[in-house]
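> whatever this is, show me its structure:
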Amino acid sequence: MKDAISDLSYLNSGEGENETSYKYKPKSSYQKLLRNPTGRLFNHVATKHNSVALEKLELIPPEGGKESLPIELRGKQKFKTTWGRLKWDLPSPTIDTRFDTPSNGTNSHPYLNRAITPREAARIQSFPDWFEFKGKKTAICTQIGNAVPPLLATKIGEAILEQLNRNDVYESKNVKLYNRDSYQIIDELKKSGVTFSHIITDPPYNISQENNFSTMSSSKRKGLDFGEWDKNFDLFSWIKPYTQLLDKDGSIIIFCSFRNISHIVENLESSGLVVKDILKWIKSNPMPRNINRRYVQDTEFAIWAVKEKSKWIFNKPEEEPYLRAQFEYPVVAGKERTEHPTQKSLALMEKIINIHTNENDLIIDPFMGSGTTGVAALNLNRKFIGVEISEDYFNIAKNRIEAIKKY
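Next up is the predicted model:
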């Protein structure tokens, strides 16, 4: 309240004029924002209260309420907020159409013995001081009390325009892509009633670190510094809300660092899933790094889990006696390579999708990246939903998917 109206705190009951000049300099940035550059002030007129009302107001201390009044003076109003004073360091309660009446609610000035003026109420509602309200007192109070605060309306309008102007959803046959935060879009997905056959995703690993290798810049390799998106990421909280949208025979495959396997398993099991296996991607062309001090890191892991009591899908090729949970494919290179630093092999994802899903199943990837899972899914006649927070990677994924002619 102090930020809004402290520069207008000088009128007593019955004082003021419909048009006047400022008496004090602005005392807050909010007051500077709303002041009339011409120096004219409108509608700053205090209600002329009767002697009984003034007697009660004099008994109420600064920022106090009706509890300060003798019982015989509290009146018949049942609400505790009547005869209340506004608090300097707190927001105002809702401004209604009877803010000029102390007995109507918490409408009285924090320390002056009067109700707030129409201009003070308009300030609280965020009307600029140059805006003049016309009509009789009752009409002016109604205009102010029934109004949507202009600054609030502005922010709502800006948010609507932002949404209308955003090109953050791409939809075509069997595919829908969102340029959104996967944590924020989950409620929208729930309300839509969608259920997924499978979740197959490669979320950030939180393993990025500053590069220490002189050869990185010359070879344009990113090493282990993948970008800000791979730092301070919430690794686990997404699992439960997304797995709640799996159908009764649904499954999930999450790529991850070996450091996080046990934590992801724990989150999956606490979400009602059964972990079946740890898949391994063995890279046939791993990045040699610090080869005289440690083993070459040639393996990435993925956790496969299914719904409890489900009839999960496992399409073992008839010509193979059994399948090992490992897949040997090279790191992506050549024409398939995009700007995404942790892009998965298309052949790898097609192999996994062939084994763990059926045609026409709906697959979601909440961390779509460059869209490899979506490309693989559509190549194999599956349906796909992808979510990606980065606009750059979203556009890469969209362009890759648009390039597929068969769907």
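> show me where the protein has its strands.
Under the criterion DSSP state E, the chain contains strands at 16-21, 40-45, 84-85, 106-108, 169-172, 175-178, 196-201, 246-256, 273-283, 299-307, 326-329, 362-365, 383-387.
> in a markdown table: these, plus mean pLDDT and distance to Phe133.
All C-beta spots, glycine's among them, are computed from the backbone N, C-alpha and C. Formatted as a markdown table, the strands of the chain follow (pLDDT from 0 to 100; distance: least, Cβ to Cβ, whole Å):
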| stretch | mean pLDDT | distance to Phe133 |
| --- | --- | --- |
| strand 16-21 | 96 | 9 |
| strand 40-45 | 97 | 5 |
| strand 84-85 | 94 | 24 |
| strand 106-108 | 93 | 17 |
| strand 169-172 | 91 | 43 |
| strand 175-178 | 96 | 45 |
| strand 196-201 | 97 | 54 |
| strand 246-256 | 96 | 57 |
| strand 273-283 | 96 | 61 |
| strand 299-307 | 96 | 61 |
| strand 326-329 | 94 | 72 |
| strand 362-365 | 98 | 53 |
| strand 383-387 | 97 | 48 |
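> need those in JSON lines (columns: distance to Glu319 and mean neighbour count).
Shown next, in JSON lines, are those (distance: least, Cβ to Cβ, whole Å; neighbours: other Cβ atoms under 10 Å):
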{"stretch": "strand 16-21", "distance to Glu319": "92", "mean neighbour count": "14"}
{"stretch": "strand 40-45", "distance to Glu319": "86", "mean neighbour count": "20"}
{"stretch": "strand 84-85", "distance to Glu319": "82", "mean neighbour count": "24"}
{"stretch": "strand 106-108", "distance to Glu319": "79", "mean neighbour count": "25"}
{"stretch": "strand 169-172", "distance to Glu319": "35", "mean neighbour count": "13"}
{"stretch": "strand 175-178", "distance to Glu319": "31", "mean neighbour count": "22"}
{"stretch": "strand 196-201", "distance to Glu319": "24", "mean neighbour count": "24"}
{"stretch": "strand 246-256", "distance to Glu319": "23", "mean neighbour count": "21"}
{"stretch": "strand 273-283", "distance to Glu319": "21", "mean neighbour count": "17"}
{"stretch": "strand 299-307", "distance to Glu319": "22", "mean neighbour count": "21"}
{"stretch": "strand 326-329", "distance to Glu319": "17", "mean neighbour count": "15"}
{"stretch": "strand 362-365", "distance to Glu319": "25", "mean neighbour count": "25"}
{"stretch": "strand 383-387", "distance to Glu319": "28", "mean neighbour count": "24"}
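> of all those strands, which one is nearest Leu348?
Leu348 lies closest to strand 326-329 among these, at 4.4 Å (Cβ to Cβ).
> so can I have JSON lines of the strands of the chain showing distance to Gly135?
Listed next are the strands of the chain as JSON lines, based on distance: least, Cβ to Cβ, whole Å:
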{"stretch": "strand 16-21", "distance to Gly135": "11"}
{"stretch": "strand 40-45", "distance to Gly135": "10"}
{"stretch": "strand 84-85", "distance to Gly135": "27"}
{"stretch": "strand 106-108", "distance to Gly135": "20"}
{"stretch": "strand 169-172", "distance to Gly135": "46"}
{"stretch": "strand 175-178", "distance to Gly135": "49"}
{"stretch": "strand 196-201", "distance to Gly135": "58"}
{"stretch": "strand 246-256", "distance to Gly135": "60"}
{"stretch": "strand 273-283", "distance to Gly135": "65"}
{"stretch": "strand 299-307", "distance to Gly135": "65"}
{"stretch": "strand 326-329", "distance to Gly135": "76"}
{"stretch": "strand 362-365", "distance to Gly135": "57"}
{"stretch": "strand 383-387", "distance to Gly135": "52"}
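> of all those strands, which one is nearest Gly157?
strand 169-172 (21.0 Å).
> from the chain's centroid, how far away is that closest one?
From the chain centre to the centre of strand 169-172 is a distance of 21 Å (Cα atoms, centre = their mean, to the nearest Å).
> contacts for it, please.
176-179, 398, 401-402, 407 (Cβ atoms under 8 Å, 6 or more residues apart in numbering).
> what is the nearest of those residues to Lys307?
Lys176 (23.0 Å).
> and the gap between that closest one and Gln184?
16 Å (Cβ to Cβ, to the nearest Å).
> many thanks, I have nothing further to ask.
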